[in-house]
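A.B. asks: From the sequence below, what's the structure:
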Amino acid sequence: MRGNVYICLNTSTYKDKIPSELVSLYGIPSYDEEGNLIEVLHPTFEELGEYNLSKFGSVPKVKVGNANYYIVELEVSWLQGEVSALLNLGEGLAYPKNSLMSASEARQFISDNNNE
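C.D. replies: Model prediction:
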(Lines give C-alpha, C1' and ligand atoms only; values in the text may rest on other atoms or scores of the structure.)
Protein backbone atom coordinates (compact mmCIF):
# COMPACT_ATOMS: atom_id res chain seq x y z
CA MET A 1 0.00 0.00 0.00
CA ARG A 2 1.53 3.23 -1.15
CA GLY A 3 -1.35 5.71 -1.28
CA ASN A 4 -2.48 7.86 1.59
CA VAL A 5 -6.24 7.36 1.23
CA TYR A 6 -8.44 4.34 0.67
CA ILE A 7 -12.07 4.61 -0.27
CA CYS A 8 -14.60 1.82 0.03
CA LEU A 9 -16.87 2.32 -2.98
CA ASN A 10 -20.23 0.75 -3.59
CA THR A 11 -20.71 -0.75 -7.05
CA SER A 12 -22.58 2.18 -8.59
CA THR A 13 -19.91 4.70 -7.55
CA TYR A 14 -17.12 2.35 -8.63
CA LYS A 15 -18.66 2.16 -12.12
CA ASP A 16 -19.21 5.95 -12.24
CA LYS A 17 -16.77 8.71 -13.21
CA ILE A 18 -14.30 10.05 -10.67
CA PRO A 19 -15.09 13.51 -9.26
CA SER A 20 -14.09 16.35 -11.58
CA GLU A 21 -11.69 17.64 -8.90
CA LEU A 22 -9.57 14.50 -9.40
CA VAL A 23 -9.31 14.59 -13.20
CA SER A 24 -6.25 16.88 -13.18
CA LEU A 25 -4.47 14.32 -10.97
CA TYR A 26 -6.05 11.05 -12.11
CA GLY A 27 -7.26 11.68 -15.64
CA ILE A 28 -5.99 9.03 -18.06
CA PRO A 29 -3.85 10.43 -20.89
CA SER A 30 -4.55 9.32 -24.45
CA TYR A 31 -1.74 9.53 -27.01
CA ASP A 32 -1.52 9.25 -30.80
CA GLU A 33 0.90 6.95 -32.66
CA GLU A 34 3.71 9.53 -32.41
CA GLY A 35 3.35 9.80 -28.65
CA ASN A 36 1.63 13.19 -28.67
CA LEU A 37 -1.03 13.79 -26.06
CA ILE A 38 -4.48 13.83 -27.66
CA GLU A 39 -6.62 14.30 -24.57
CA VAL A 40 -6.99 13.47 -20.90
CA LEU A 41 -9.86 11.05 -20.35
CA HIS A 42 -12.25 11.37 -17.39
CA PRO A 43 -12.24 7.77 -16.11
CA THR A 44 -14.56 5.78 -13.89
CA PHE A 45 -13.11 4.51 -10.62
CA GLU A 46 -13.00 1.06 -12.23
CA GLU A 47 -10.95 2.37 -15.18
CA LEU A 48 -8.71 4.29 -12.78
CA GLY A 49 -8.08 1.10 -10.78
CA GLU A 50 -7.05 -0.73 -13.95
CA TYR A 51 -4.85 2.16 -15.07
CA ASN A 52 -3.12 2.37 -11.65
CA LEU A 53 -2.58 -1.39 -11.34
CA SER A 54 1.21 -1.02 -11.52
CA LYS A 55 1.20 1.85 -9.02
CA PHE A 56 -1.18 0.54 -6.34
CA GLY A 57 -1.92 -3.07 -7.24
CA SER A 58 -5.34 -4.55 -7.89
CA VAL A 59 -8.54 -3.15 -6.40
CA PRO A 60 -9.83 -5.59 -3.76
CA LYS A 61 -13.48 -6.54 -4.09
CA VAL A 62 -15.20 -7.25 -0.78
CA LYS A 63 -18.64 -8.80 -0.44
CA VAL A 64 -20.75 -7.76 2.55
CA GLY A 65 -24.11 -9.50 2.52
CA ASN A 66 -25.39 -9.11 -1.02
CA ALA A 67 -23.40 -5.94 -1.72
CA ASN A 68 -19.98 -5.65 -3.34
CA TYR A 69 -17.50 -2.99 -2.28
CA TYR A 70 -14.24 -1.98 -3.93
CA ILE A 71 -11.28 -0.64 -1.95
CA VAL A 72 -9.59 1.93 -4.19
CA GLU A 73 -6.19 3.23 -3.15
CA LEU A 74 -5.30 6.81 -4.05
CA GLU A 75 -2.74 9.45 -3.25
CA VAL A 76 -4.69 12.67 -2.80
CA SER A 77 -4.15 16.06 -1.23
CA TRP A 78 -6.08 17.85 1.47
CA LEU A 79 -4.66 21.12 0.15
CA GLN A 80 -6.07 20.80 -3.36
CA GLY A 81 -9.58 19.75 -2.23
CA GLU A 82 -9.17 16.17 -3.46
CA VAL A 83 -9.98 14.57 -0.10
CA SER A 84 -13.06 16.77 0.19
CA ALA A 85 -14.25 15.54 -3.22
CA LEU A 86 -13.94 11.95 -1.99
CA LEU A 87 -15.69 12.72 1.30
CA ASN A 88 -18.61 14.16 -0.68
CA LEU A 89 -19.12 10.76 -2.35
CA GLY A 90 -20.15 9.32 1.01
CA GLU A 91 -22.34 12.18 2.17
CA GLY A 92 -25.59 10.83 3.58
CA LEU A 93 -24.54 7.18 3.13
CA ALA A 94 -24.04 4.64 5.89
CA TYR A 95 -20.65 2.98 6.44
CA PRO A 96 -19.07 1.31 4.49
CA LYS A 97 -20.66 2.95 1.42
CA ASN A 98 -18.13 5.36 -0.10
CA SER A 99 -16.25 5.70 3.19
CA LEU A 100 -12.68 6.96 3.39
CA MET A 101 -10.32 4.69 5.29
CA SER A 102 -6.75 4.65 6.51
CA ALA A 103 -4.48 1.80 5.40
CA SER A 104 -5.07 -0.11 8.66
CA GLU A 105 -8.84 0.43 8.46
CA ALA A 106 -8.91 -0.82 4.85
CA ARG A 107 -6.88 -3.93 5.80
CA GLN A 108 -9.19 -4.60 8.74
CA PHE A 109 -12.34 -4.16 6.61
CA ILE A 110 -10.98 -6.62 4.04
CA SER A 111 -9.96 -9.09 6.77
CA ASP A 112 -13.28 -8.83 8.60
CA ASN A 113 -15.22 -9.53 5.41
CA ASN A 114 -13.00 -12.15 3.81
CA ASN A 115 -15.31 -15.02 2.89
CA GLU A 116 -12.52 -17.54 2.39
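
A.B. asks: For stretch 21-35, could you pull out the residues that count as buried?
C.D. replies: 21-22, 26-28 (16 or more other C-beta atoms under 10 Å). In this view, the C-beta of every residue, glycine as well, is placed from N, C-alpha and C.

A.B. asks: Mind checking which of those are in strands?
C.D. replies: Per DSSP state E, strands hold the following members of the buried residues of stretch 21-35: Ile28.

A.B. asks: Output the buried residues of stretch 21-35 in CSV, with pLDDT appended to each entry.
C.D. replies: Listed next are these as CSV, based on pLDDT from 0 to 100:
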residue, pLDDT
Glu21, 88
Leu22, 90
Tyr26, 91
Gly27, 95
Ile28, 96
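
A.B. asks: gap between the most centrally placed residue in the chain and Cys8?
C.D. replies: Central residue check for the chain by C-alpha atoms, centre = their mean: the C-alpha nearest the mean position is that of Val72, 3.5 Å away. Distance, Val72 to Cys8, by C-beta to C-beta, to the nearest Å: 8 Å.
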